[in-house]
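A.B. asks: Build me a structure from this.
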Amino acid sequence: MGLPNVLLVSTYDLGHQPFGLASPARWLRDMGATVRCVDLAVDHLDDACVREADLVACYVPMHTATRLAASVARRVVAVNPGAQLCFYGLYAPMNEGYLRQLGAQTILGGEFEEGLAMLVRRLGDAPARQPGAGDGQPAGEPSAPGAGTGQREPMVSLARQQFLVPDRSDLLDLTRYAHLIDANGRARTTGYTEATRGCKHVCRHCPIVPVYGGRFRVVQRDVVLADIENLVHAGAEHITFGDPDFFNGPAHALSIVAALHERFPAVTYDVTIKIEHLVEHARHIPTLAATGCVLVTSAVESFDDRVLEILDKRHTMRDFAQAWHALNAAGIAMNPTFVAFTPFTTLDGYIDFLGVIRGMGLVPNVAPVQYAIRLLLPSGSLLLELAETQRAIEGFDQDLLCYRWLHPDKRMDELQREVSGYIQRAGSAPRHEIFNGVLRRALRAAGRDREFVPSPPPASTRQVPRMDEPWYCCAEPTDIQLAAVETKS
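C.D. replies: Residues are numbered from 1 along each chain as shown. From the prediction side, this is the model:
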């Protein structure tokens, strides 16, 4: 039996051309497998390519992608019940039971490329499966990945891999994906790559922690630079580094951006860095600016030191202010992200949060969705160990793939729903107008309507650089996203 035909599917990856498709595609094609990549964020899944596949592997790097992937699984089971179904990526192992109920035989987390290669090699040696044949494992019960193929590989691998340069040959053009909007309002075609995976920190709410447990893995420098070169040749004017924290390995990171700038001085880039690292490695911020960094995303989460301590973020409000001023001094925009609604956040605290955003001049920097983000508690979250969390949760919701929780002040849950709906309806309205709408609703919820003072529009015509992708990994999928993927799959 020859190697199987492989269909790699992504449902959602923050508006980026998925590294999680392009990287394993190169591994599998180098083995001699026939591979097709379909990204449902910009493409459609047709019955013909599902029927042709012996293995369908769905990439689930985040909560939203996992929720959206259910429609893919149903389609595969209906159209080609004899195909092997695999889920891989950060959210695959923590949702194993759910994904097996959808029909998955194999679950891969952590460094998944080698696991996929092992699975493809094994399927090439295995007798053909009969349509509808199971793997001998009751639905919803964990089994070893690869069950039904005669061998097993670790479900989660943190092995150090020698990466290969991603193969993006059958992914759609970069212009179909998220763009950087620069200071002049121009949309810059953006490519996406990764220099590291995992994270050496263990923030309690972070979905990376249950899989990587405080470890990170490096994508070799020459691989990253070759991938960037291919992206630039494909039209990229800007590069997004998708590392959970670009300064987990500062020497590795700075070596890459120095080489990027030397080779392509007109290409800009953005990165994600913890507030803690921006403070600890502040001396490197000018180097980021000098090599073309125009935007740093940082998971600030809250301005309340008590909430930050519960989340184990290892920074304070004072640290945030220090990082904010250091980036401003270097001419780099900050894209702060938040978990605005938690069981530990009071209504007055939420209003104070909005007051800090306005007082520090952050309104142009904050994507409106950040005002509505509600804490997700997936399986394995370290927050479940805390008494404060246990008092709020109501049990695991299999459909939402997280623990339900209620705020002790019901006004907060009502406000979150109101703010979320308002932001979705507001669409692409100016950020200061959306901020005013959120502030007005928060003050009304607290009976403090008379305190409302609208935030004025920005004084400068220059824009804060930002990505035009409107949603983020820790948010629930919108009704629009769910409907779009259902249609495409």
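
A.B. asks: What residues of stretch 288-297 count as buried?
C.D. replies: Buried residues in stretch 288-297, defined by neighbour count with 16 or more other C-beta atoms under 10 Å: 288, 291-297. Just so you know, the C-beta spots here come from the backbone N, C-alpha and C atoms, and that holds for glycine as well.

A.B. asks: okay, how far is it across that stretch, tip to tip?
C.D. replies: Using C-alpha to C-alpha, to the nearest Å, one end of stretch 288-297 lies 13 Å from the other.

A.B. asks: before we move on, back to that, so of the buried residues of stretch 288-297, which ones are in strands?
C.D. replies: Cross-referencing these against strands under DSSP state E gives 293-297.

A.B. asks: can I get these in JSON lines with pLDDT?
C.D. replies: As requested, these are exported to JSON lines (pLDDT from 0 to 100):
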{"residue": "Cys293", "pLDDT": "98"}
{"residue": "Val294", "pLDDT": "98"}
{"residue": "Leu295", "pLDDT": "98"}
{"residue": "Val296", "pLDDT": "97"}
{"residue": "Thr297", "pLDDT": "96"}
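
A.B. asks: Redo those residues as a markdown table? Include distance to Leu158.
C.D. replies: Formatted as a markdown table, those follow (distance: C-beta to C-beta, whole Å):
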| residue | distance to Leu158 |
| --- | --- |
| Cys293 | 29 |
| Val294 | 33 |
| Leu295 | 30 |
| Val296 | 27 |
| Thr297 | 25 |
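
A.B. asks: wait, which of those is closest to Leu375?
C.D. replies: Thr297 (18.6 Å; C-beta to C-beta).

A.B. asks: gap between that closest one and Glu280?
C.D. replies: In this view, Thr297 and Glu280 are 17 Å apart by C-beta to C-beta, to the nearest Å.

A.B. asks: packing partners for whichever strand or helix holds Glu414?
C.D. replies: Using DSSP states H and E, Glu414 sits in helix 410-426. Packing partners of helix 410-426 (3 or more C-beta pairs under 8 Å, 6 or more residues apart in numbering; DSSP states H and E): helix 347-359, helix 431-445.

A.B. asks: what's the angle from it to helix 347-359?
C.D. replies: Interaxial angle of helix 410-426 relative to helix 347-359 (axes from the mean of the first three to the mean of the last three C-alpha atoms, to 10 degrees): 40 degrees.

A.B. asks: Check the closest residue to Leu68 other than its chain neighbours and give its pLDDT.
C.D. replies: Of all residues not flanking Leu68 in the chain, Thr11 sits nearest, at 3.9 Å (C-beta to C-beta, 6 or more residues apart in numbering). With respect to pLDDT, Thr11 scores 89.

A.B. asks: count of neighbours near Thr11?
C.D. replies: 30 (other C-beta atoms under 10 Å).

A.B. asks: Please name the residues that touch it.
C.D. replies: 40-41, 58-60, 64-65, 68-69, 72, 485, 489 (C-beta atoms under 8 Å, 6 or more residues apart in numbering).

A.B. asks: again, only using 7 Å
C.D. replies: When contacts are counted by C-beta atoms under 7 Å, 6 or more residues apart in numbering, Thr11 is found next to 40-41, 65, 68-69, 72, 485.

A.B. asks: what's the spacing between Arg358 and Ala290?
C.D. replies: 31 Å.

A.B. asks: How about Val232?
C.D. replies: 19 Å.

A.B. asks: The stretch 1-150 of the chain: strands as residue ranges?
C.D. replies: For the stretch 1-150 of the chain, the strands defined by DSSP state E, counting those that start in this stretch cover 5-10, 34-39, 55-59, 84-88, 106-110.

A.B. asks: Out of those strands, which gets nearest to Gly185?
C.D. replies: Proximity to Gly185 (C-beta to C-beta) singles out strand 34-39 among the strands of the stretch 1-150 of the chain, at 27.2 Å.

A.B. asks: list the helices and strands that closest one packs on?
C.D. replies: The contact analysis (3 or more C-beta pairs under 7 Å, 6 or more residues apart in numbering; DSSP states H and E) places strand 34-39 against strand 5-10, helix 19-31.

A.B. asks: could you give the mean pLDDT of it?
C.D. replies: 96.

A.B. asks: next one: stretch 173-187
C.D. replies: In this model, stretch 173-187 has a mean pLDDT of 95.

A.B. asks: before we move on, what about stretch 430-446?
C.D. replies: Averaged over stretch 430-446, pLDDT sits at 97.

A.B. asks: and what of stretch 87-97?
C.D. replies: 92.

A.B. asks: buried stuff in it?
C.D. replies: 87-96.

A.B. asks: Among those, name the ones in helices.
C.D. replies: The helices, defined by DSSP state H, take in 91-94, 96 from the buried residues of stretch 87-97.

A.B. asks: just curious, which of the residues you listed is nearest to Gln17?
C.D. replies: Scanning these for proximity to Gln17, where the rule is C-beta to C-beta, the winner is Tyr91, at 19.3 Å.

A.B. asks: For burial, what's the neighbour tally of His315?
C.D. replies: Close neighbours of His315, defined as other C-beta under 10 Å, add up to 23.
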